[in-house]
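Undergrad: Next input, structure requested:
(chains A, B and C)
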Amino acid sequence: MKDITVAEVVAGIKSGDISCEELISGIYERIERSELNCYITLNRDKAIEEAIRVDKNREAYMDKRLLGVPIAIKDSISTAGIQTTCASKILTGYVPPYDATVIEALKREGAIIIGKTNMDEFCMGTSTETSYYGPTLNPHDHTRVPGGSSGGSAAAVSAGEALIALGSDTGGSIRCPASFCGVVGLKPTYGLVSRYGLIAYANSLEQIGPIATNVRDTALLLEVISAKDERDSTQIKIDNNSNSNYVFKTEKNGEDVRGLRIGVCREFLEGVAPEVEESVWHAIYKFEDLGASYEEISLKYLKYALAAYYIIAMSEASSNLARFDGLRYGLRLDMDADWHTTFSRIRGEGFGEEVKRRIILGTYALSVGYYGRYYLKALKIRTLIKREFEAALRAYDILAMPTMPCVAFKLGERIKDPLSLYLADVNTVPVNLAGLPSISVPCGVFNGLPIGLQLVSGQFQEDKIINAAMAYESSFKVFSS
Amino acid sequence: MIKREEIEHIAWLARIELDEGEKERFEKQLGSILDYFSVLDELDTEGVEPTYHVVGLRDVMRRDEPKEPLSQEEALKNAPKRDGGYFKGPRIF
Amino acid sequence: MKSDVKIGLECHAQLLTRSKLFCPCPTDYHNADPNTHVCPICLGLPGALPAVNAMAVRYAIKVALALGCEVQPEIIFYRKNYYYPDLPRGFQITQYDFPIAFNGMVRIESDGGEREIRIRRVHLEEDPGRLIYKGTIDTARHSLVDYNRSGIPLVEIVTEPDLRSPKEARVFLNKLRSILEYLGVFNGDLEGAMRVDANISLAGGERAEVKNISSYKGVERALSFEITRQRNLLRRNLSVKQETRHYDEVRGITISMRTKEFEEDYRYFPEPDLVPIRIAEYVPELKAEIPELPDERRKRFIIQYSITPEHATALTYDKLIADFYEAVASEIDPKLSATWIADVLKGELNYRSITMREAMDRLSPDDFVTILRHLERGVITERGATVVIREILDRGGKPEEIIKRKKLARISSAEMQQAIDAVLNDKENTGAISDYLAGKSEALNFLVGQVMKYTRGRAEPKEVRSMLENALRNASG
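TA: Numbering: from 1, shown residues only, chains lettered A, B, ... in the order given. The predicted structure follows:
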């Protein structure tokens, strides 16, 4: 998986130069030898079967853009016939009878699902440490976290246990692990990608997004999963077949960033570790070398973003997770008690502590007497933040800032203090509040640990950040994975 | 700080049984988290409309066309307990 | 009528869309096996998203317009969060601050006068699944759940507490049902299609809510029981608590539902997976689609067909009967048609406990026209007509074929005379004849009966009676 792109794999499989069966088997061997714990469930038998079929019938599959490409799927995305757990005890053994829309799109294009990746339980976390199945390790340093909540997906791509992956991002859950693991991760504009089949944590904030080793693969994967879906009422339907045509767009524009105006928001640099700040400034100067320009700006409502984000996310989550009661699926205990008691005990046992904390806080924020002070207030702050971003993005093409305020921290370092973990999201959550697209690309290394540069653009302007990221990437290669 | 009775009431609303240790830890942790959230109180948002939907979509509806449902087997496949074609649950009272 | 009773109703009526409110599952679940009309969305499987059925919205707007309400410019769906086994997501998608409509009114007849019952609001929400238990809700060891009903569109109609008695409540519900059926958005014959929660308070007491009433008779019974219960408490100087009670259909009583220490808090917030929907633009076209409603039709029948108010009411309650009547009355004298449909046909339906819808599988307006025409022309007697109607309802068939088969054609004068002669000459009847001639006029009834028997009912009783009287007068003469 080192330095090979999707385009090369697909071309090789179509021409017969690459044996899909060997490729896929090789991945499973690698996974077996690995101690990273990237996967919760593996799809070995079906994947190899599929790979054999691809090799046999490749002439018939010439139109499939992801033919034979091994992809890892975050375990919060529903896959028919494959266990889907959200890394929670309460969903042990749950096998969905349907595929998420993005999975249907992947299958249409011939991708092969390697397995379901580890994550923070119900996407609640920044380090993949709240998983019922134990943490995933950072491939660059096994004593450190891979980031979260899509830690398994990012680590798998980084370690070559998949070529590409899907994650989901509610407050940074794709960008954070991409940053910590040294890969590329993109959170689409809210409403670009169908959420049908994504097990909901915070519906008004989250999107499924692509993770890959390079920007072009990320863009291609994004294009595939942006298929229009009547089943998601919050998805914008843009003209043309798919919701986007980024590869085409970027082919057209090339990687030209001359005249690109970059906004560098000083609030996003506050409190950031010096090595991270230095690395990000280097990246910005690189853009200058390439013909772009930058200016420092200030977004004064950002200081309220983290609190607003958590209130909204926890409130929605408290309602989204109410369906887990052991009646139709999941954990069930043998008890002789009434409905309410049984139900409460199952949830007490099936949910991890962080999930319980957030459900309690979310319930509190929505309850009589507190709704106006917390939930409604947070939604008003959201309006202010959104407006401020929009104004900034009228004056500038993109905004640039560090993805995370630090490099990957040690396992166990922050998990005992929930608030300290929440504060790590400070640079990623404002983007979800505003519903804007954002990409994290590797921009440096510190003591072997990757640093991520985050680029943000206006609603449905993914092409701007993809273009800029591609320009940066080709001029300054950080990792060869 | 958030009082023990409030936590118990909320835990009831959320139908989550908490053990003693959790209640103790939550008293402290939730208190400090709520303290952090109180930063929102310092901002005057009078006259600001809340954003429920960040993309501003409206009027999305679907046609009244029935489609094939799941089979009874598919529907009950994940049921931890069943009785014939029904999901089986605990008693109500 | 002065009353210290205040009753408000929350009526939930299932709308006749082809698919459910938030998912495309088919809605014809009423006789299906459990859990055969479900999908990831209405089962509450994780990851599934709701999508609004446009026809349900249209139907709900029509209901609001028919009830004289002010339709709102924009509707927003909300989550109502609570836990119950029949609620697969742990919340119900309903409407809260932005419903379909506010402020309507329905007129009902009460104690010889008319009363106006105000409608507070009309909104759309989804039906939960169905909970089944062996025995009663408070003694069953397990619960069984069928989610076929989960997601069926409901229009909820909330009244102000303007109803003053259980009987008024029942009259109101009948009126509401009638209006909904006229709109074509509701079928009251379907099991569980209308469910009612009632709020009832007496002066001096708090409001009690009674849930789980699913029949029109049930409403009257449940409310009567409640009034008695509350009066008894007040009489003993005990307080009537504000609480929720469950109506047990079998035992005809209400049971307290309070099982928990804390009060429920529904934590309403707008459904993040659905967007606001503007509906003002649909009002003009939907208003034009509303047919003549029961009250208007009743008034028109009285004027157009010169029938009595009682007949008009009986004929317009059920739209199918009203349509049937108008089809028949376009060919046969309207007053005759009214009597035969409102009195005779309805009586036969009630006796058989079948609905007009079921009857029309076998009996068409044309059939009825044929029968009444034969009656008008004297081909059959009234009794004969009744026999034909009964035969069609019970076994099907066509009027002319039945008349022939059962020999119902009225007999000729010659045959009539022959029958009378036969009966008067029969030795068995001499006793009755002499009794009559002696002055016992009741004896004539026996003789009439004998003629009817002889002619196998094909004679007209009145004619027989007068011919017999003549014959006997001449005989004694």
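
Undergrad: can you pull the contacts of the closest residue to A:Ile346 other than its chain neighbours?
TA: Leaving aside its sequence neighbours, A:Ile346 sits nearest to A:Gly326 (CB to CB, 6 or more residues apart in numbering or on different chains; 4.3 Å). (C-beta placed from N, C-alpha, C; glycine too.) Contact analysis of A:Gly326 by CB atoms under 8 Å, 6 or more residues apart in numbering or on different chains lists A:Ile90, A:Arg332, A:Leu333, A:Thr342, A:Phe343, A:Ile346, A:Gly350, B:Pro80.

Undergrad: any idea which of those is closest to chain C?
TA: Among these, A:Phe343 lies closest to chain C (CB to the nearest CB), at 6.4 Å.

Undergrad: hang on, the earlier thing: tell me the secondary structure at the residue nearest to A:Ile346.
TA: Three-state call for A:Gly326 (DSSP: H, G, I helix; E, B strand; the rest coil): coil.

Undergrad: Kindly report the same for A:Asp17.
TA: coil.

Undergrad: phi, psi of it?
TA: The phi/psi pair for A:Asp17 (degrees, to the nearest 10) reads phi -70, psi -30.

Undergrad: next one: C:Leu163
TA: Phi and psi for C:Leu163, reported as degrees, to the nearest 10, are phi -80, psi 140.

Undergrad: Against B:Glu74, how distant is the residue in the stretch 1-150 of chain A positioned nearest to chain B?
TA: The nearest approach of the stretch 1-150 of chain A to chain B comes at A:Pro97, 4.5 Å away (CB to the nearest CB). With the distance defined as CB to CB, to the nearest Å, A:Pro97 ends up 5 Å from B:Glu74.

Undergrad: Show me which residues of chain B sit near chain C.
TA: Chain B comes close to chain C at residues B:9, B:12-13, B:15, B:52-53, B:57-67, B:69-72, B:75-76, B:83-93, as judged by CB under 8 Å from any CB of the partner chain.

Undergrad: What subset of these is buried?
TA: B:9, B:12-13, B:15, B:52-53, B:57, B:60-62, B:64, B:66, B:69-70, B:72, B:75-76, B:83, B:85-92 (16 or more other CB atoms under 10 Å in any protein chain shown).

Undergrad: Okay, and which of these map to helices?
TA: The members of those that map onto helices under DSSP state H are B:His9, B:Trp12, B:Leu13, B:Gln72, B:Ala75, B:Leu76.

Undergrad: chain center to whichever strand in chain C runs longest: distance?
TA: For chain C, the strand with the greatest residue count under DSSP state E is strand C:113-126. In terms of CA atoms, centre = their mean, to the nearest Å, the centre of strand C:113-126 is found 18 Å from the chain centre.

Undergrad: Tell me the buried residues in it?
TA: For strand C:113-126, by 16+ other CB under 10 Å, it's C:Arg115, C:Ile117, C:Ile119, C:Arg120, C:Arg121, C:Val122, C:His123, C:Leu124, C:Glu125, C:Glu126.

Undergrad: Would it count as contacting chain B?
TA: No: applying CB under 8 Å from any CB, one finds strand C:113-126 separated from chain B by no less than 11.6 Å.

Undergrad: Tell me if that strand is near chain A.
TA: No: using CB under 8 Å from any CB, we find that strand C:113-126 stays clear of chain A, coming within 14.1 Å at best.

Undergrad: Show the pLDDT at the one residue in chain A that gets nearest to chain C.
TA: For chain A, the residue closest to chain C is A:Ala322, as judged by CB to the nearest CB, at 2.6 Å. Looking at A:Ala322, its pLDDT is 97.

Undergrad: now the residue of chain A positioned farthest from its centre, what's its secondary structure?
TA: Distance from the C-alpha centroid of chain A peaks at A:Asp336, with 41.5 Å (CA atoms, centre = their mean). A:Asp336 falls in the coil class when you classify it by three-state DSSP.

Undergrad: Next, give phi and psi for it.
TA: phi -110, psi 80.
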